[in-house]
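[1] need a structure here:
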Amino acid sequence: MMRAGLRPLLPADGEWVRIALFLAVGGAQFVFDAGLFILLTYWGMVPFWTNLLTRFSAAMLGFLLNGKLTFRQSRLGREQLFRYALLWVFLTLLSTGAVVAIGQVAGVRAAWGMKVLVEILLAVLSFMLMRRWVFVGHKQA
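    Here you go, the predicted model:
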């Protein structure tokens, strides 16, 4: 039996499915992004532009899949897309700032190790902001 004091810190029972879907969509985005990046650079595309294209494409895939599957929106509108884009830019800047700062203070090897922790923390923040800010205002299916 769980102690009453820990209960508010843990997701509600129905949220576990939403969290699992969010993680599955994130995995699909990663595979799509990395696979497309490898394919396009293999065909000779410049890595800088390829990375921008594949990250953007993976973000749009995430918008559609998270909107429809994870957060069960009956329709996805411009306002949600705008909020999603703002969130994506914000999280990208946070991630970049964090790993650059860590690299400058503790070295690139520390940044390699901390990148994973930074991205896990940002995934938690992303889930909370998508649930409470991006995918609100429309009825859930």
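[2] Would you check how far apart Arg75 and Thr41 are?
    36 Å (CB to CB, to the nearest Å). (Each C-beta comes from the backbone N, C-alpha and C, glycine too.)
[3] And those two? Which one has more around it.
    The neighbour comparison of Arg75 against Thr41 (other CB atoms under 10 Å) goes to Thr41, with 15 against 10.
[4] Torsion angles phi and psi at the more buried one?
    The phi/psi pair for Thr41 (degrees, to the nearest 10) reads phi -70, psi -30.
[5] So it versus Tyr84, what's the distance?
    Distance, Thr41 to Tyr84, using CB to CB: 27 Å.
[6] Could you do Phe135 as well?
    To Tyr84, Phe135 is 8 Å away according to CB to CB.
[7] intersection of neighbour lists for those two?
    Counting by CB atoms under 8 Å, 6 or more residues apart in numbering, the common neighbours of Phe135 and Tyr84 are Gly67.
[8] Okay, now the unreliable bits of this protein?
    Along the chain, segments meeting pLDDT under 70 span 1-13, 137-141.
[9] can you give me the helices in it?
    15-42, 47-65, 78-106, 108-129 (DSSP state H).
[10] And the shortest one, what's buried?
    Within helix 47-65, the residues that qualify as buried are 50, 54-55, 58-59, 62-63, 65, counting by 16 or more other CB atoms under 10 Å.
[11] What of stretch 24-41?
    25-26, 29, 33, 36-37, 40.
[12] what does stretch 90-110 give?
    Buried, per 16+ other CB under 10 Å, within stretch 90-110: 91, 98-99, 102-103.
[13] Trp88 - nearest residue in space that isn't next to it in sequence?
    Computed as CB to CB, 6 or more residues apart in numbering, the closest residue to Trp88 that is not its neighbour in sequence is Ala59, at 5.2 Å.
[14] closest to Val124 among the buried residues of stretch 90-110?
    Leu91 (11.0 Å; CB to CB).
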